[in-house]
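predicted coordinates and the sequence they were generated for:
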Amino acid sequence: MTSSLALASWLVLVLSLVMAISTTRVEAARAFFVFGDSLVDNGNNNYLVTTARADSPPFGIDTPSRRPTGRFSNGKNIPDFISDALGSKPTLPYLSPKLQGNRLLVGANFASAGIGILNDTGIQFINIIRMYRQLQYFQEYQRRLADLVGNDKAQRIVGEALVLITVGGNDFVNNYFLVPFSPRSRQFSLPDYVRYLISEYRKHLMRLYELGARKVLVTGTGPLGCVPAELAMRSPNGQCAAELQRAAGLYNPQLVQMINGLNSELGGKVFIAANIQQRTNDFISNPGAYGFTTSKIACCGQGPYNGLGLCTSASNLCPNRDVYAFWDPFHPTEKANGIIADMILKGSPAYMSPMNLTSLLALDTVTTT
Ligand SMILES: *[C@@H]1O[C@H](CO)[C@@H](O)[C@H](O)[C@H]1NC(C)=O
Ligand SMILES: *[C@@H]1O[C@H](CO)[C@@H](O)[C@H](O)[C@H]1NC(C)=O
């Protein structure tokens, strides 16, 4: 009798402790919002009528369920590693029916494979969530969050949240360079096109700021000409494709410049630039230093460098994904995504400007209420 009472009260104590711990965790974890393209899409395109999708095997082969999730990876993508660092669950795709109730507090992923800075990028993929629409969804999300926790708290959650935006590669690969004599390449020289992209990107970033975002990681593009797809299609000798390398070389420094300009205009360090090109160059020039046996051949694909077509169940598939930098013709492996995320977290000023994510998160601690 007494022992069962003691057991009962002990259980109550343990349960309330567990509840206290889990409530604190929910309150303490910072919300995380993700915008952009396939490099950061957690599965929104699963809910759309589009050919830009990653919802069939072998995508996701290295997840615990070994099943595809909609991520363009064998396992985790960059946002997943950042969620880990925040101590949060991965962000749910905004279109997921599971994004309800308290799950809204974790944040949301608005990214959609195939999109670009420009509306006309990725038109061949038909039904994808373009940047302006991702930002509309962010507004809609905030109304739903306010219904849950009230206006003031919703605003605070958004202001303290971390935001990641990764977009721009498709504006070259799936627009300017998609076909010879593409409409954009007839309209603009490459330097003029880059200037136009940067000016349109600036508008998206300003819109994010107007919608309350105050800690925004902005990634540049990788070395676009060195991905297995471009080696297969544009490089007879295995050298990175020159035009796309030129594009990335023009684009990335202007992006950093634009971000610095925005920060000084807004009088703060709202936007942080992550130099993905530099880090990816590191493992392209010295794959062994990062544990890769190749940074040219995709793990999953067909043709030269496994760089042609899509990764499907009929493709060549490498047995050990951890020794490949590229999972499919365009996208990094989980291993490479982890290395890039590590740079975002801990990188020196050569990679992260004006600071890395660890320093950014240390600037303030989330108030718990
Ligand atoms: C993109 O499309 C949306 C919806 O049609 C439109 O409101 C927006 O102005 C367009 N953006 C540009 C830069 O044309
Ligand atoms: C982050 O950046 C700061 C400032 O550049 C640097 O001192 C620090 O070593 C970097 N890494 C971590 C983990 O904070």
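Looks like it came in fine. Ligands and ions are numbered 1, 2, ... in the order given.

ok, Ser295 touching Trp327?
No. Ser295 lies out of contact with Trp327 (C-beta atoms under 8 Å); the separation is 11.9 Å. Every residue, glycine included, has its C-beta placed from N, CA and C.

so for those two, which sits in the more crowded spot?
Trp327 (33 against 24; other C-beta atoms under 10 Å).

which stretches of the protein form strands?
For the chain, the strands defined by DSSP state E cover 32-36, 107-109, 162-166, 216-219, 271-274, 300-301, 316-317, 352-353.

so what does the last one touch, helix or strand wise?
Packing contacts for strand 352-353, counted by 3 or more C-beta pairs under 8 Å, 6 or more residues apart in numbering; DSSP states H and E, involve helix 242-266, strand 271-274.

what packs against the last one?
If I follow you right, that is strand 271-274. Going by 3+ C-beta pairs under 8 Å, 6+ apart, strand 271-274 lies up against strand 216-219, helix 242-266, strand 352-353.

which other residues reach that strand?
Contacts with strand 271-274, where a contact means C-beta atoms under 8 Å, 6 or more residues apart in numbering, come from 205, 215-220, 255-256, 259-260, 262-263, 343-344, 347, 351-355, 357, 360.

for Pro304, which non-adjacent residue is spatially closest?
Once flanking residues are discounted, Pro304 sits nearest to Ala232: 4.5 Å by C-beta to C-beta, 6 or more residues apart in numbering.

from Asn175, how far out is the one you found?
Plainly put, Ala232 is 19 Å away from Asn175 if you go by C-beta to C-beta, to the nearest Å.

tell me which residues touch whichever residue of the stretch 51-200 of the chain sits closest to ligand 1, please.
Closest residue of the stretch 51-200 of the chain to ligand 1, C-beta to the nearest ligand atom: Asn119 (3.7 Å). Going by C-beta under 8 Å, 6+ apart, Asn119 touches Arg130, Met131, Tyr132.

neighbour-wise, give me the winner out of those.
Neighbour counts for these, by other C-beta under 10 Å, peak at Met131, which reaches 26 neighbours.

next, count neighbours for the closest residue to it other than its chain neighbours.
With C-beta to C-beta, 6+ apart as the criterion, Met131 has its nearest non-adjacent residue at 5.2 Å, and that residue is His204. Counted by other C-beta under 10 Å, the residues lying close to His204 total 19.
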